[in-house]
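Novice: build me a structure from this.
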Amino acid sequence: MIGLPVLASLPFIEAAYDFYNQYSQSILGAIINTLLSQGEGRVLMLVVLLTAFMFILLTRSRDAKTDQRVLFFTGLVLVFIVQLLHPALEYGSWLGYVLSSLHALGLSLLTGMFASLAFFNRKNAQVKIDNRKTLVVVLVASFLVMVVAEVGLVLLLAPDYITSMMTYYGHWLVVSNLLHLPLGFFVLKHGVEWVMKKTDQGWTCESFLTQGFFAGTLLLIQAIMVVYLPPQNVLRTLESEPMSPVTLWAVDGNLATYQVIGISEGPIRFVVVYLTILFFLAALVIAVFSRKAIWTALISSAVAVVIYGGTLTLFEAGDILVDDTVFPTVTEAVKASYKEDAEIEVLLEEEDESALYLVYAIDDQDLGIEKLDIVSEGFKRVPLSGVVIDNGMTNLQEQAMETRKLDNGNWLDPEMDYAYVSFGTVKRTENAESVQIHFEDKYVSVPVNENRVFFHIETTNKNWPERHLTYLLNANGKKVAEYQYESMTGGFHH
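Specialist: Below you'll find the model as predicted:
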């Protein structure tokens, strides 16, 4: 229970550090801004207030059953509140939220219930429980719910499972998946001991505490994963964060641009599979027949270590994901990134020596930009150059404008350190004839075309702060609207 506020504080600390680092604020200012304006801060305040309210109720209560009800329902609400921070809500909508909540609920039961049973029976050799059947049902049901939810989250957030290990989130995801193995063997151990009526020998404080330890470690890893981006598209994710150093070490850093990892087909693959099966069968036998928790913990952990270490050993440089298709028209080139029935309307075209820059509408709903290479036969798509403003062409936003700050990738001039890519639509401000972007020490004016959209690339060696102002000007150069933006970061659509 106390661990939930601690876990909720991890993404809050990360968000506060971003404020402090990016906007040059004081530590106190960064903390206050994060608490008042960021989801991480609001969730932490809710968790702290609810936890404090719980302790107040417990101090006033004199009934053990009332205390148990307060602890249970408060813990249940806290689990669902903390999951508002899980990236599954953002990237998987409400299905992702439900799956992450079910996983956290099962994991919390496996952690708290069995660790507390071990603690309160720490002076006894065995754990004394009146209704052992109910405990086994809760044990098995919690683990099964947790596994099903975890599989759903993997399919939703990391569809390219092995390739996702190139990212921080994907690597931690695989580690957390492997930790389900020792946890599962302890669930099997305690369930078999109840069926065989040997709980007096096997249900020891050591056994319950070890199970609680594995579940608690898994809970900690889940909290760490919240601060990273799920790799629904691995290359797109790697545009906004570095590759996992462990994966980079495993392939000796031998990856070209847009290249992903693969699995070696050599004989060592069969060695890894053989060792995994051997340790798995050994862990299965020990979990069923041994009453010693330490042996179950060691051998089941060895299974996870063999799979993890063997996977790293098998890593090699894989495919290079570059599309060399030549498209006869710009519309066909852009449409290749969307569904077949998507309607693409090109709103602006700008050309330089070898590239074409487009601003376009998707189904008259979203607004996107794209860079295409110009070749003799037509156009080639440039990987990781597509940026999209969701609902940019609808009335859900007052104005749909955005500036991206890039220090690597295909938008960057090789002779410059930074590229600032600005685009958007001003169709809801009829008298706006140009857009003026105010960087730290420079104003950039961009005309609005007949389709009410604009586009501009500013390349420079200057590292301007991400906070910037954007003005809409009329035909006489006077301001008709002003907007302040706090960020220039974001991932690519494709």
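
Novice: pull out the buried residues from the helix or strand containing Leu153.
Specialist: Here Leu153, judged by DSSP states H and E, is contained in helix 132-157. Within helix 132-157, the residues scored as buried using 16 or more other CB atoms under 10 Å are 132, 135-136, 138-139, 142-143, 145-147, 149-150, 152-154, 156-157. In this view, the C-beta of every residue, glycine as well, is placed from N, C-alpha and C.

Novice: pull the CA atoms of stretch 293-306 into PDB?
Specialist: Output of stretch 293-306 as PDB, limited to C-alpha atoms (Å, rounded to 0.1, in the frame of the first residue of the first chain):
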ATOM      1  CA  ALA A 293      11.600 -22.200  -1.400                       C
ATOM      2  CA  ILE A 294      15.200 -21.300  -2.100                       C
ATOM      3  CA  TRP A 295      15.600 -24.100  -4.700                       C
ATOM      4  CA  THR A 296      12.400 -23.100  -6.500                       C
ATOM      5  CA  ALA A 297      13.700 -19.500  -6.500                       C
ATOM      6  CA  LEU A 298      17.200 -20.300  -7.800                       C
ATOM      7  CA  ILE A 299      16.200 -22.700 -10.600                       C
ATOM      8  CA  SER A 300      13.200 -20.700 -11.800                       C
ATOM      9  CA  SER A 301      15.400 -17.600 -11.900                       C
ATOM     10  CA  ALA A 302      18.000 -19.600 -13.800                       C
ATOM     11  CA  VAL A 303      15.300 -20.300 -16.500                       C
ATOM     12  CA  ALA A 304      14.700 -16.500 -16.900                       C
ATOM     13  CA  VAL A 305      18.500 -15.800 -17.000                       C
ATOM     14  CA  VAL A 306      19.200 -18.500 -19.600                       C
END
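
Novice: so where's the stretch 151-300 of the chain uncertain?
Specialist: Across the stretch 151-300 of the chain, the ranges flagged by pLDDT under 70 are 198-204, 239-240, 257.

Novice: now do the strands in it.
Specialist: In the stretch 151-300 of the chain, the strands defined using DSSP state E, counting those that start in this stretch lie at 259-263.

Novice: a helix runs through Val43, doesn't it?
Specialist: Yes - judged by DSSP: H, G, I helix; E, B strand; the rest coil, Val43 forms part of a helix.

Novice: was I right to think it contacts Leu85?
Specialist: Yes - between Val43 and Leu85 there is a contact at 5.4 Å, judged by CB atoms under 8 Å.

Novice: more neighbours, the two?
Specialist: Ranked by neighbour count (other CB atoms under 10 Å), Val43 and Leu85 place Leu85 first, with 25 against 19.

Novice: for Thr331, give its distance to Glu370.
Specialist: 11 Å (CB to CB, to the nearest Å).

Novice: more neighbours: which of those two?
Specialist: Neighbours were counted for Thr331 and for Glu370 using other CB under 10 Å; Glu370 has more, 24 against 16.

Novice: pull out the buried positions in the one helix or strand that one maps to.
Specialist: Using DSSP H and E, Glu370 sits within strand 366-375. Under the neighbour-count criterion of 16+ other CB under 10 Å, strand 366-375 has 366-373 buried.
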